[in-house]
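[1] Let me see the structure of the following:
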Amino acid sequence: MATERGSASVEFALVLPVLLLVLTAVVEVAVAGRVQLELIGAARQGARVAAIHPDPVQAVEAVHQALDDGLEPNVIVTVERPAIVGRQAIVEVELRYRVLAPLFGGVPLRLSARSVMRVER
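    Below you'll find the model as predicted:
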């Protein structure tokens, strides 16, 4: 027993970095999932506006208003809005997101959302 003294501390010191890395990865995946859901909601809001208003700029503004301020500058919004009633208005939102930025400088991840609604006016 005397020769095993301190082995628990050494084992804990060896396992701790791996445990912290796994925990950080789980948190980052959860944050990326939240951002994806936010993009889906913003695309939906933009499609609602595009279905009613003929000006695509208003749909882009609606997407930016639906997003957090931190995501807003990095978002690319594409709006396809035909002038014919009954056709589909399509809003696509894309974001280049960096996962694990504090640890590895960021692993690039492309998040996108697409929403389609029929033109009403």
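
[2] pretty sure P54 is in a helix, no?
    No: judged by DSSP: H, G, I helix; E, B strand; the rest coil, P54 forms no part of a helix; its state is coil.

[3] Looks like it contacts E120 (just checking).
    No: under the criterion of CB atoms under 8 Å, P54 makes no contact with E120, lying 10.6 Å away. The way it works is simple: take the backbone N, C-alpha and C, and place the C-beta from them, glycine included.

[4] Now for these two: what residues contact both?
    When contacts are counted by CB atoms under 8 Å, 6 or more residues apart in numbering, P54 and E120 are jointly contacted by no residue.

[5] which residues in the protein form helices?
    When assigned using DSSP state H, the helices of the chain occupy the ranges 7-52, 56-66, 101-104.

[6] Tell me the buried residues in the second one?
    Taking 16 or more other CB atoms under 10 Å as the basis for neighbour counts, the residues of helix 56-66 that come out buried are 56, 59-60, 62-64, 66.
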